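A.B. asks: no sequence on this one, just coordinates:
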């Protein structure tokens, strides 16, 4: 249902905290901010404790990023969820198995989120440009590989993320051909899925599906 555009938007938004910190750090270290926001003025306002200004900036970045996460993921998921609720898209599946996505699946994202920030200082244009290129490269890798399920935006979407096995067929047919089952990642409203119920699901990208219980609006 999604094209390449949506994963690009998702992963670029996922790195918003890092990008904001990089840009803010570059402007701050090179005194390119308005006079009221420069280091010497912050030191005067907070009695030499510039760490207070830096902490406030970090909190502002985190809050802005969280708001951006929620806005972007809801806008991207809304069309699919509405069409599923109306029954105009998707197919019926039975869920054979499900489990929460393990925390280890997010390790690589967290490492890439922190590494450019820790590895370089942004007082020079060259360092800033190298860091920016690193982020662009990492986003391109995520978009081109089947890692969409580990995007942190799904955690603020109001949906649960499950690693699941689903099927459109009966248990008897599956016993004859195990290839009829699909190993996917499901985004669902429910905290627990009912193995005895049918769900209407549509594939967003890769192995990621959004599902609603059949007949639910």
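C.D. replies: In hand now; what should we look at? It should be emphasised that the depicted structure is a prediction, and the values quoted were computed from it without experimental measurement. Numbering: from 1, shown residues only.
A.B. asks: For the lengthiest helix in the chain, name the packing helices and strands.
C.D. replies: Determined from DSSP state H, the single longest helix within the chain is helix 50-86. Contacts defined by 3 or more C-beta pairs under 8 Å, 6 or more residues apart in numbering; DSSP states H and E place helix 50-86 against helix 5-14, helix 16-29, helix 39-45, strand 198-205, strand 208-213. Just so you know, the C-beta spots here come from the backbone N, C-alpha and C atoms, and that holds for glycine as well.
A.B. asks: contacts for the first one?
C.D. replies: Contact partners of helix 5-14, identified using C-beta atoms under 8 Å, 6 or more residues apart in numbering, comprise 68-69, 72-73, 76, 109, 139, 142-143, 148, 151-153, 204-205.
A.B. asks: Go again with 7 Å.
C.D. replies: Here helix 5-14 makes contact (C-beta atoms under 7 Å, 6 or more residues apart in numbering) with 68-69, 72, 76, 139, 142-143, 148, 151-153, 205.
A.B. asks: Over to the shortest one?
C.D. replies: Residues from elsewhere that reach strand 208-213 (C-beta under 7 Å, 6+ apart): 77, 80-81, 84-85, 148-149, 184-189, 197, 199-204.
A.B. asks: circling back: worst mean pLDDT among the helices and strands packed on helix 50-86?
C.D. replies: Among the helices and strands packed on helix 50-86, helix 39-45 has the lowest mean pLDDT, at a mean of 75.
A.B. asks: counting contacts, what elements does that one pack onto?
C.D. replies: Where contact means 3 or more C-beta pairs under 7 Å, 6 or more residues apart in numbering; DSSP states H and E, helix 39-45 is packed against helix 50-86.
A.B. asks: who does whatever helix or strand comes next after the helix it packs on touch, helix- and strand-wise?
C.D. replies: Along the chain past helix 50-86, the next helix or strand (assigned with DSSP states H and E) turns out to be strand 91-100. Judged by 3+ C-beta pairs under 7 Å, 6+ apart, the packing partners of strand 91-100 are strand 160-167, strand 198-205.
A.B. asks: Right, I'll leave it there.
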